[in-house]
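*Asks:* Coordinates only, no sequence provided:
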């Protein structure tokens, strides 16, 4: 009886000690893994913070770039409108210059025809530029 | 025995308690590890999301900057084009104003001519001479008077230059004057009336000289009713006229040679006067010289015209005319025009002569003046010296692109040099 109890006791105590050692080993492994995980978490956190700062900076840049682009686009549109108006003005002036030059040439030719007494020639020269002279007159206001 | 049992029970209980404690701590640590793993996984997901956001935002920023760069490039280009266009428009505006001023003056002159008020017409033309000169290409080519002023003859009286030219609306022979050779003012007509034998509207190519206390104007003129081209002479007490032609017949005609035109007086260094001129038309032209009487209104009795030059160089196109004889440094130079007066091949050549009556030899370097920038068909030349003794050549020319009558031949002036074996004309005014 006593021996049986002693054996059982020893067996129980041995199992308990073995289990305890196993539990402690498991604890130590888990703690070690947790330490690694916490270290990684710290690194990832730092990386995330850096990324978040980058994204924040980028968003600020995007905001200012969007504003700048809007302003530049408006300026470009204004310049293009001014250019179109200036080009139209140049075209009108070129037409006026052509009319004036044609008219001047005709009047000068008429004068030269008159210098040799050729009145019909003078009239012909004037008639040839009459439309241009009228156009120049109208365009000159 | 009991004590051993109690001790054993105690030891067993302690073993059980420590085992349970170890198990509990292990579970707790495991739970903490699971939570930490989940947190780490969450963080990693956030990192992945944030990285994607960074990539997307970077792409957006880059696209925006590309757009900004493109917009700025377009803006710079547009601004540049706008500036150029505005500058162009400005110069157009200046050109328009110049054209309007010139046209206004020419129109006013035309109106005055039709009202027979040539004096006012001359004033109207003079008033816009500067504007019209700009339109004809400016003064860089030597253009000083942009209106029709063919066959010019320039003399210096005191400190005033007088230029005479073929008939125009301003009168039978035009006169303009200048004190600086740059600004010329229309004076009017030198020859208000013609002799009865002469035909109106056909008086051209004048040459003027001061001789025997009076000014003599030699000019070409058609004989009324015949169409014959002859030379006559008129006199005046002052260079601006009026020149009076009291002749009853031409001074020279050479009818058998096709007529005589383009007279130019020449005073030799000893004061002896001569007249050079041209006879005939294309293919039969010839330049002549003959000594004038001291009065200048007739030739020396017993003398005959002597031929100085006939066409012999290809550029002349069979025609030599508009002679102008000059002496300097003991040498005689005969300037003349060649080719068709009404085209762009008209040009000026020179011949060296042994004396006022020749013989003359055309220079191999001819022509010495021909069409070029701002000048087409130059000719009808006249050589004169300015107040400082510098030689100039006056000539008429068309504006390139407007060649042939009834376009105008303006008055041009360029410096003339006798420093080499052949006189050279400056390339610009």
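*Replies:* Sure, I can see it. Since this is a predicted model, take the numbers as computed values, not measurements.

*Asks:* element containing residue 60, please.
*Replies:* Since no chain was named, I'll use chain A. Remark: residue A:60 resides in helix A:2-115, with elements defined by DSSP states H and E.

*Asks:* ah, I was thinking of chain B
*Replies:* Secondary structure from DSSP H and E places residue B:60 in helix B:2-114.

*Asks:* Point out the residues in the stretch 301-429 of chain B that sit beside chain A.
*Replies:* Contact residues (Cβ under 8 Å from any Cβ of the partner chain) of the stretch 301-429 of chain B with chain A: B:402, B:405, B:406, B:407, B:408. C-beta coordinates here come from the backbone N, C-alpha and C atoms, glycine included.

*Asks:* Now restrict those residues to buried residues only.
*Replies:* Among these, those classed as buried by neighbour count (16 or more other Cβ atoms under 10 Å in any protein chain shown) are B:405, B:406, B:407, B:408.

*Asks:* So what's the residue count around the residue of the stretch 251-400 of chain B found nearest chain A?
*Replies:* Of all residues in the stretch 251-400 of chain B, residue B:399 sits closest to chain A, at 9.8 Å by Cβ to the nearest Cβ. Neighbouring residues of residue B:399 were enumerated by other Cβ atoms under 10 Å in any protein chain shown; the total is 20.

*Asks:* any idea how far it is from residue B:138?
*Replies:* Distance from residue B:399 to residue B:138, counting by Cβ to Cβ, to the nearest Å: 11 Å.

*Asks:* One more: residue A:34?
*Replies:* 95 Å.

*Asks:* Repeat that for residue B:210.
*Replies:* Distance of residue B:210 to residue B:138, given as Cβ to Cβ: 33 Å.

*Asks:* Tell me which of these two has more neighbours.
*Replies:* When residue B:210 and residue B:138 are compared on other Cβ under 10 Å, the one with more neighbours turns out to be residue B:210, at 15 against 12.

*Asks:* What pairs with the lengthiest strand in chain B, parallel or antiparallel?
*Replies:* Within chain B, and with DSSP state E defining each element, the longest strand by residue count is strand B:198-211. Listed by DSSP bridges, the sheet partners of strand B:198-211 and their directions read strand B:214-223 (antiparallel).

*Asks:* And for the nearest residue to residue B:127 once chain neighbours are set aside, the neighbour number?
*Replies:* Taking Cβ to Cβ, 6 or more residues apart in numbering or on different chains, and ignoring the residues beside it in sequence, residue B:127 has residue B:105 as its nearest neighbour in space, at 5.5 Å. By the measure other Cβ under 10 Å, the count of residues near residue B:105 is 23.

*Asks:* so residue B:105 makes contact with residue B:131?
*Replies:* Yes - the pair residue B:105 / residue B:131 is scored as a contact, 7.2 Å apart, by Cβ atoms under 8 Å.

*Asks:* how about residue B:347, what does it touch?
*Replies:* Each residue near residue B:347 by Cβ atoms under 8 Å, 6 or more residues apart in numbering or on different chains is listed here: B:315, B:337, B:338, B:339, B:366, B:367, B:369, B:370, B:371, B:377, B:378, B:379.

*Asks:* So what pairs up with residue B:307 in the strands?
*Replies:* residue B:288.

*Asks:* Any buried residues in the longest strand of chain B, and which?
*Replies:* B:198, B:199, B:202, B:203, B:204, B:205, B:206, B:207, B:208, B:209, B:211.

*Asks:* Could you dump those residues into CSV and include distance to residue B:232 and pLDDT?
*Replies:* What follows is the buried residues of strand B:198-211, written out as CSV (distance: Cβ to Cβ, whole Å; pLDDT from 0 to 100):
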residue, distance to residue B:232, pLDDT
B:198, 7, 94
B:199, 11, 89
B:202, 12, 87
B:203, 9, 92
B:204, 12, 93
B:205, 12, 96
B:206, 10, 97
B:207, 12, 98
B:208, 13, 98
B:209, 15, 97
B:211, 16, 94
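
*Asks:* Surely residue B:365 is within a strand?
*Replies:* No - counting by DSSP: H, G, I helix; E, B strand; the rest coil, one finds residue B:365 to be coil, located in no strand.

*Asks:* Residue B:337 against residue B:370, yeah?
*Replies:* No - the pair residue B:337 and residue B:370 fails to qualify as a contact (Cβ under 8 Å) at a distance of 10.5 Å.

*Asks:* Show me where chain A dips below the pLDDT cut-off.
*Replies:* Across chain A, the ranges flagged by pLDDT under 70 are A:141.

*Asks:* thinking again about what came up before, how about the residue of the stretch 251-400 of chain B closest to chain A, nearest residue that isn't a chain neighbour?
*Replies:* Here the nearest residue to residue B:399 in space, its sequence neighbours aside, is residue B:136; by Cβ to Cβ, 6+ apart that works out to 4.9 Å.

*Asks:* ok so, going back, would you mind getting the angle between the longest strand of chain B and helix A:2-115?
*Replies:* 100 degrees (axes from the mean of the first three to the mean of the last three Cα atoms, to 10 degrees).

*Asks:* Distance check, residue A:21 against residue B:73.
*Replies:* When Cβ to Cβ is applied, the distance between residue A:21 and residue B:73 equals 77 Å.

*Asks:* mind listing what's buried in stretch A:4-22?
*Replies:* Buried-residue list, stretch A:4-22, by 16+ other Cβ under 10 Å: A:9, A:13, A:16, A:19, A:20.

*Asks:* just those residues that are near chain B?
*Replies:* Restricting the buried residues of stretch A:4-22 to those touching chain B (Cβ under 8 Å from any Cβ) yields A:9, A:13, A:16, A:19, A:20.

*Asks:* For the fourth one, which non-adjacent residue is spatially closest?
*Replies:* Pointing back at residue A:19 there. For residue A:19, the nearest residue in space outside its immediate sequence neighbours is residue B:19; the separation is 5.3 Å by Cβ to Cβ, 6+ apart.

*Asks:* so where's chain B uncertain?
*Replies:* Counting by pLDDT under 70, chain B contains no low-confidence residues.

*Asks:* From chain A, how far out is the most centrally placed residue in it?
*Replies:* Within chain B, one residue has its C-alpha closest to the average C-alpha position: by Cα atoms, centre = their mean, that is residue B:137, at 3.0 Å. Separation of residue B:137 from chain A (Cβ to the nearest Cβ, to the nearest Å) stands at 13 Å.

*Asks:* Now do the contacts for that residue.
*Replies:* B:143, B:374, B:399, B:400.

*Asks:* what about 10 Å?
*Replies:* If you count contacts by Cβ atoms under 10 Å, 6 or more residues apart in numbering or on different chains, residue B:137 has them with B:143, B:146, B:373, B:374, B:375, B:399, B:400, B:401, B:410.

*Asks:* just residue B:413 next, same as before
*Replies:* With contact set as Cβ under 10 Å, 6+ apart, residue B:413 has these partners: B:139, B:142-145, B:152, B:154, B:161, B:163, B:178, B:181-182, B:184, B:382, B:384, B:386, B:392-395, B:426, B:429.
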